[in-house]
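Trainee: A predicted structure for the sequence below; I have some questions about it.
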Amino acid sequence: MFPRFLVFVAIVTISSACPARAEPVSVPQVKEALDKAIRTIHSRFSVEGGYASGWTLSTGKGHSEHRSSSSVISIQPPGTTSLGPAFLRVYQLTGSPEALEAAGNAAICLTRCQLSSGGWDSDFDFDPKQANRYHLASQFAAGDKDPGKRRHRSTLDDNKTQSALSFLLEYVHTIDEPKAVRDTLDFGLASLLAAQDPTGGWPQKYEGAAREKTEPTSATFPEDWPREWPDVSYSSYLTLNDGNLYHIARLLLKAHELTQEEEFVEAAIRLGDFLRLAQLPAPQRGWAQQYDFEMHPVWARRFEPPAVSSIETYSAIETLFELWAATGMDRFREPIPEALTWLRDSRLDDGSWARFYELKTNRPLYCEAGSYRLTYDDSQLPTHYGFQIPPKWGNRIERMEAALERSLSEARKQRSGERSASSWEKEKRDLEKNVSKILSQRNTDGIWCEGDSADARTWTRNLTLLCNYLEAVEKSSVVP
């Protein structure tokens with residue numbers, strides 16, 4: 001079956017103007033808007049129940065990070081694994097049949113494109129010629145065991161496999177059917193656990209069980225490292241890039257909370273212990289993007305050198321804090337202050353940060369546009385990658401420092417989302433203007449778009465904001 005996608009001939013331009021003063025928004029209005037939005041995106045944009053990252057309205061094509069096609073879906077958020085949870089949350093808050101159907105179709109879609117290694121790729125194209133490029137879990141279960149040259153390696157990059165499993169986990173604990181979804185979830189979680197490295201970390205991609213058990217060692221600086229990109233495969237290296245371990249930790253903790261199965265929290269604890277091992281020696285008490293099996297920072301892509309990374313350091317801090325709050329194990333909290341000190345000390349004169357700092361010297365490290373030659377000069381940076389982090393990023397550091405002042409019980413209360421009625425009332429008031437604005441931004445077909453483009457990120461953000469408003473209205477009236 002091919003995608004249900006209506007090609008738009010006329011594009012309605014959305015006015016950016018909104019009332020200076022928000023009109024009151026009723027709960028029935030918001031629920032009606034949610035139902036209409038979900039009916040629209042489900043009937044016009046879905047491909048076998050899944051979603052691309054965005055759409056060109058005049059051509060009827062969806063697109064993911066890597067391709068454009070009328071039959072493609074994205075597993076990488078935004079796409080199927082961000083819209084699916086948004087639909088499910090609408091159902092949980094309103095009981096909407098439209099939301100339940102859309103969420104269920106998104107879940108079934110993911111069962112159809114699960115890879116034989118148990119996870120997912122970045123995207124999937126349901127055109128038969130393109131679909132033959134993948135080795136699927138369903139084919140493996142039917143006896144087709146050899147992937148050959150078909151794509152079969154699961155990826156943890158950019159929250160792909162993690163987001164799919166997190167959605168399916170939430171779905172099966174909300175709707176205990178169909179069996180195919182539960183089987184997909186069980187196989188996916190089992191494969192993810194099996195791929196955990198003996199150190200407690202994970203590679204960027206996996207295709208089966210991890211290497212044999214070895215004695216974990218602490219990270220050290222290599223004696224020397226190549227200043228030119230060695231052009232070697234890096235996907236099996238132990239990887240922190242793009243918050244992949246943070247998303248895994250949250251998935252494992254959610255799985256434990258919902259199932260009470262100890263294997264998930266045990267894997268999360270091993271992950272935390274890996275991060276403790278991977279913290280680099282003083283005075284650079286941060287983390288690298290990726291490590292080899294000797295626990296040395298190593299190259300990944302040609303613009304990702306062995307270095308101490310500010311972004312990955314903060315992601316490791318967040319992960320450790322989450323694990324401390326969830327388990328109460330102080331050893332996960334202990335590495336954080338030194339890492340925050342390193343971030344503070346590494347701030348540049350203009351208040352920004354470099355993404356990469358040279359091993360041992362802590363000098364900001366960049367790549368030149370075009371050649372990608374390593375340099376200390378930031379005047380000719382490539383524009384496709386964040387080599388510098390703006391000063392406002394320091395707000396995160398301040399929030400984490402404040403969080404460390406809390407007791408374990410306070411951290412757990414914050415993590416659980418427990419709040420007072422007055423807090424929910426304030427959120428309701430704060431959201432009212434935004435709710436009015438996004439409701440007014442739909443065109444006559446109920447579509448959020450900009451010119452000829454519609455974006456799954458916008459749809460997810462708007463659905464989430466409307467849900468936040470409904471939850472704030474409800475809880476401000478019932479929380480003592």
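Mentor: Yep, it's here. In this text, all values refer to a predicted model and were calculated from it rather than measured experimentally.

Trainee: And the contacts of stretch 209-229?
Mentor: Residues from elsewhere that reach stretch 209-229, judged by CB atoms under 8 Å, 6 or more residues apart in numbering: 194-200, 273-274, 277-281, 288, 291, 293-299, 301-302, 305-306, 359-360, 372, 374. (C-beta placed from N, C-alpha, C; glycine too.)

Trainee: now with 6 Å?
Mentor: 194-199, 277-278, 280, 295-296, 299, 302, 306, 359-360, 374 (CB atoms under 6 Å, 6 or more residues apart in numbering).

Trainee: Pull out the buried residues from these.
Mentor: Neighbour counting by 16 or more other CB atoms under 10 Å classes 195-197, 199, 277-278, 280, 295-296, 299, 306, 359, 374 among these as buried.

Trainee: Out of these, which sit inside helices?
Mentor: Within these, residues falling in helices by DSSP state H are 277, 278.

Trainee: Please convert the buried ones among the contacts of stretch 209-229 to TSV, extending it with distance to residue 389.
Mentor: Below are these laid out as TSV (distance: CB to CB, whole Å):
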residue	distance to residue 389
195	30
196	30
197	28
199	28
277	25
278	21
280	18
295	25
296	24
299	21
306	19
359	19
374	19
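
Trainee: Name the nearest of the buried ones among the contacts of stretch 209-229 relative to residue 208.
Mentor: For the buried ones among the contacts of stretch 209-229, the closest approach to residue 208 (CB to CB) belongs to residue 195, at 7.3 Å.

Trainee: what's the burial count for the spatially closest residue to that closest one that is not a sequence neighbour?
Mentor: Counting by CB to CB, 6 or more residues apart in numbering, residue 195 lies nearest to residue 206, which is 3.8 Å off, once chain neighbours are set aside. Residues lying near residue 206 (other CB atoms under 10 Å) number 24.

Trainee: Tell me which stretches of the stretch 301-450 of the chain form helices.
Mentor: Assigned by DSSP state H, counting those that start in this stretch, the stretch 301-450 of the chain shows helices spanning 310-327, 336-345, 394-404, 408-416, 421-440.

Trainee: Return the mean pLDDT over the first one, rounded to an integer.
Mentor: Read that as helix 310-327. Helix 310-327 shows a mean pLDDT of 98.

Trainee: Which strands or helices does that helix pack on?
Mentor: helix 244-259, helix 262-278, helix 336-345, helix 408-416 (3 or more CB pairs under 6 Å, 6 or more residues apart in numbering; DSSP states H and E).

Trainee: if you set the cut-off to 8 Å instead, what comes out?
Mentor: Where contact means 3 or more CB pairs under 8 Å, 6 or more residues apart in numbering; DSSP states H and E, helix 310-327 is packed against helix 244-259, helix 262-278, helix 336-345, helix 394-404, helix 408-416.

Trainee: Make CSV from those and add distance to residue 225 to it.
Mentor: As requested, the helices and strands packed on helix 310-327 are exported to CSV (distance: least, CB to CB, whole Å):
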stretch, distance to residue 225
helix 244-259, 22
helix 262-278, 16
helix 336-345, 20
helix 394-404, 28
helix 408-416, 38
